[in-house]
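Novice: Structure, please.
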Amino acid sequence: MESAEFDYIVIGSGSAGSVLANRLSANPAHRVCLVEAGGSDESLRVRVPAGILSLYGNPKYDYGYMGVPQPELNNRRIPVNRGKALGGSSVINSMVYIRGAAQDYDEWAALGCAGWSYSEVLETFKSLERNLIGQDPAYHGFDGELLVDNPRDPNGVAKMWVEAGQAAGLPENRDFNAVTQFGLGVYNVTQNRGERFSAYTAFVRPVLHRKNLTILTETEVLDLVHANGRVGGVNVLREGQMQTLTCRAEVVLSAGAIGSPRILLASGIGPAEELKAAAVMPVIDLPGVGKNLRDHVDGMITVRSSSTKTLGLSVPNLPAVLAAPFRYFGQRKGMLTTNYVEAGGFAKTKYAGDIADIQFHFVPGYRSHRGRLVEYGHGYAVHTCVLRPKSIGEVRLVRDGTRRQLAIDHRFFTDEQDALTLVEGIKVARSILASPVFDAIRGPEILPGPDVRTDADILAYLRAEALTVYHPVGTVKMGIDPMAVVDPTHLKVRGFENLRVADASIMPTLIGGNTNAPSMMIGEMASRAILRPI
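Specialist: Alright, predicted model coming up:
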């Protein structure tokens, strides 16, 4: 690295940070540094969609956080998988392109986040997108950097899922990002000819030639150097050595809903009494830092099947398994194209209002009842999650002398409505799977299992097995109330003139859907705020 002095320092190369690095470095007069704790994304297991199974829990690509025991979930500790490589969590996600419902963003505006209504963010979404499907131009863009496509070779069982929804009153939905989310369908994906198309691939790789853009990998941010409301630099650990990156203009935190509050707290920015308890000297008392953690709590149904139409490892399926690499690299077809959650959709339980309150992720393969990534045999599964949970958690610094460890406490099911909604969601999912459409491949339900029938039974099952679909948000929320950490107009941290946050942590509430695309939108909105003439 020729110099450690930059105009802009962007911390985190994930969905938002990659957009910011692109936009801020477009002006050759801006010296920009993109800092990433992980390493390269150059790996077949990243590029090939089916490689996702080798990424979860892999310390090279996944932080592998673990939450604190959850009293309402039988004191289980819930995994919190977050991406650790160029591209952040867009390197280990399922590549599903979902924006959330229009009502989600209108709610943000109603909470005092002016400029974030659906009509305003829709234009931003469209500007980022290069839609390859020819979907409705009223909702989609065709000139952006992010490729959005149909899956190359969706499994026939995923199409059965969509057909089965008809009997449950769920229509086919071919565009979850248009008029309504309601219904079932095969998900659109962020892929390029059957390869993963991460935020880094879309926004940073094409501009690596820019001499004013420096990318530091395997560089851990320890804390911020700041005084009198101004950040002057960033302390990092790189190649085993401490180093300070100096900032002339601004620092933008894009380290995600776990990383961004951790860096603020480690820098003495947060709830003063909690910082003292963690042996950190409070510098600015911001009570909202680390609060408002929200995530999609999820329950699974998994069914065994003897049919080789489903994805799986078995002797009868061995020829297809052996042929898979040739089909993929030769034609971009076959089982290696799968992102596993190929289909899904949105439905309403009896508790829903005007919009869907549950989302499905359907897997045309057997999901292990023992938590294994790979299980011998065949089957299919569906994940059901609560879209707008009322249970709200937090992240806190652990007092261990490092200022690098967090206690992640989701507080799942502390609001009973989330549990009631998920019980109903499991019942809706079962009604879809009960369709005669599945008769040809039907097998025994392994989880929850045939003995789990009553609401009380289902709730007990969820307490024993529920996880998340890894969409944490909200821990550095924007807004105008006393717990807001950043202002909605500029995304500046309260009390600072040159420190902003741009990632899923600023969401005041959790959107109804996957968070990759909304995080890119937040990165774009932040870049416009930074570059907007005063």
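Novice: Every contact and neighbour count from this point should use C-alpha atoms.
Specialist: Noted.
Novice: what's the neighbour count on residue 225?
Specialist: Residues lying near residue 225 (other CA atoms under 10 Å) number 16.
Novice: same deal with residue 417?
Specialist: 15.
Novice: mind checking which helix or strand it is in?
Specialist: helix 416-433 (DSSP states H and E).
Novice: from the middle of its chain, how far away would that helix be?
Specialist: Centre-to-centre, helix 416-433 and its host chain are 22 Å apart (CA atoms, centre = their mean, to the nearest Å).
Novice: Give me the mean pLDDT for that helix.
Specialist: Summarised as a single mean, pLDDT over helix 416-433 is 98.
Novice: Can you give the contact residues for that helix?
Specialist: By CA atoms under 8 Å, 6 or more residues apart in numbering, the residues outside helix 416-433 that reach it are 161, 164-165, 167-168, 298-301, 349-351, 357-358, 360, 382, 384-386, 389-391, 413, 455, 458-459, 462.
Novice: Could I have the buried ones of those residues as ChimeraX selection syntax?
Specialist: Buried residues within the contacts of helix 416-433, by 16 or more other CA atoms under 10 Å, are selected in ChimeraX with:
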select :161,164,165,168,298,299,300,301,349,357,358,360,382,384,385,386,389,390,391,413,458,459,462
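Novice: Point out the ones among the contacts of helix 416-433 that are inside helices.
Specialist: Of those, the ones assigned to helices by DSSP state H are 161, 164, 455, 458-459, 462.
Novice: So which residues of the protein form helices?
Specialist: Counting by DSSP H, the helices of the chain are 15-25, 44-47, 102-110, 118-128, 156-164, 199-203, 256-266, 272-277, 318-331, 416-433, 455-465, 516-531.
Novice: Provide the contact partners of the last one at residue level.
Specialist: So that's helix 516-531. 15-20, 23-24, 89-90, 97-100, 121, 124-125, 128, 199, 489-491, 502-504.
Novice: Closest one to residue 408 out of the ones in helices among the contacts of helix 416-433, please.
Specialist: residue 462 (19.9 Å; CA to CA).
Novice: Show the contacting residues for residue 294.
Specialist: 389, 391-393, 410, 471-474, 509-510.
Novice: wait, doesn't residue 305 sit right on residue 440?
Specialist: No - with contact defined as CA atoms under 8 Å, residue 305 and residue 440 do not form a contacting pair (9.6 Å).
Novice: Between those two, which is the more surrounded one?
Specialist: A count of neighbours by other CA under 10 Å puts residue 305 above the other of residue 305 and residue 440, at 21 against 9.
Novice: circling back to that earlier point, so among the contacts of helix 516-531, which ones count as buried?
Specialist: Here, 16+ other CA under 10 Å leaves 15-20, 23-24, 89-90, 97-100, 121, 124-125, 128, 199, 490-491, 502-504 buried among the contacts of helix 516-531.
Novice: and residue 235, how many neighbours?
Specialist: Neighbour tally, residue 235, other CA under 10 Å: 18.
Novice: partners of it in the sheet?
Specialist: residue 223, residue 244 (DSSP bridges).
Novice: what sits against it?
Specialist: Contacts of residue 235 (CA under 8 Å, 6+ apart): 221-225, 242-245.
Novice: do that again at 10 Å, thanks
Specialist: 219-225, 242-246, 267 (CA atoms under 10 Å, 6 or more residues apart in numbering).
Novice: Could you list the domains of the chain?
Specialist: 5-42+200-290+473-531, 152-186+297-386+413-465 (automatic domain parsing).
Novice: Please look at residue 51 and residue 325 and confirm they touch.
Specialist: No - Residue 51 lies out of contact with residue 325 (CA atoms under 10 Å); the separation is 11.8 Å.
Novice: which neighbours do the two share?
Specialist: 336-337.
Novice: by contact count, what packs against the lowest-mean-pLDDT helix or strand in the chain?
Specialist: Between all helices and strands in the chain, the lowest mean by mean pLDDT, DSSP states H and E belongs to strand 312-313, at a mean of 90. In terms of contacts (3 or more CA pairs under 10 Å, 6 or more residues apart in numbering; DSSP states H and E), strand 312-313 is packed against helix 318-331, strand 377-386.
Novice: of those, which approaches residue 284 most closely?
Specialist: Proximity to residue 284 (CA to CA) singles out strand 377-386 among the helices and strands packed on strand 312-313, at 35.0 Å.
Novice: and that closest one, which strands flank it?
Specialist: Assessed with DSSP bridges, strand 377-386 is paired to strand 297-305 (antiparallel), strand 312-313 (antiparallel), strand 358-363 (antiparallel).
Novice: could I get these as TSV with distance to residue 206?
Specialist: Below are those laid out as TSV (distance: least, CA to CA, whole Å):
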stretch	distance to residue 206
strand 297-305	36
strand 312-313	36
strand 358-363	32
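Novice: To residue 183, which of the ones you listed lies closest?
Specialist: Comparing the strands paired with strand 377-386 by their distance to residue 183 (CA to CA), the top pick is strand 358-363, with 9.7 Å.
Novice: got the angle for that closest one vs helix 156-164?
Specialist: Between strand 358-363 and helix 156-164, the angle comes out at 150 degrees (axes from the mean of the first three to the mean of the last three CA atoms, to 10 degrees).
Novice: got the CA coordinates for strand 358-363 in CSV?
Specialist: Extracted as CSV, the C-alpha positions of strand 358-363 are listed here (Å, rounded to 0.1, in the frame of the first residue of the first chain):
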residue,chain,number,x,y,z
ILE,A,358,-44.9,-15.1,6.1
GLN,A,359,-42.4,-16.1,3.4
PHE,A,360,-41.5,-19.5,2.1
HIS,A,361,-38.1,-20.8,0.8
PHE,A,362,-38.7,-24.1,-0.9
VAL,A,363,-35.9,-26.6,-1.4
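Novice: Taking helix 416-433 as reference, get the angle to it.
Specialist: Put simply, strand 358-363 runs at 50 degrees to helix 416-433, going by the same axes, to 10 degrees.
Novice: what is the mean pLDDT for strand 358-363?
Specialist: Strand 358-363 comes out with an average pLDDT of 98.
Novice: wouldn't residue 97 be in contact with residue 177 here?
Specialist: Yes - Residue 97 is in contact with residue 177 according to CA under 10 Å; the separation is 8.5 Å.
Novice: which residues do these two both contact?
Specialist: residue 188.
Novice: how near is the nearest residue to residue 343 once chain neighbours are set aside to residue 234?
Specialist: Of all residues not flanking residue 343 in the chain, residue 186 sits nearest, at 4.0 Å (CA to CA, 6 or more residues apart in numbering). Applying CA to CA, to the nearest Å, the value for residue 186 to residue 234 is 43 Å.
Novice: Can you pick out the residue with more neighbours from the two?
Specialist: The neighbour comparison of residue 186 against residue 234 (other CA under 10 Å) goes to residue 186, with 26 against 21.
Novice: Who are the contact partners of the more buried one?
Specialist: 96, 150-151, 154-155, 158-159, 161-162, 172-176, 341-345, 361-362.
Novice: Where strands are concerned, which of those residues count?
Specialist: Judged by DSSP state E, strands contain the following of those: 343-345, 361-362.
Novice: Let me know the closest of those to residue 286.
Specialist: Of the ones in strands among the contacts of residue 186, the one sitting nearest to residue 286 (CA to CA) turns out to be residue 361, at 37.0 Å.
Novice: and the closest one, what are its bridge partners?
Specialist: residue 344, residue 383.
Novice: shift numbering so it begins at 648
Specialist: Shifting the count to begin at 648 puts that one at residue 1008.
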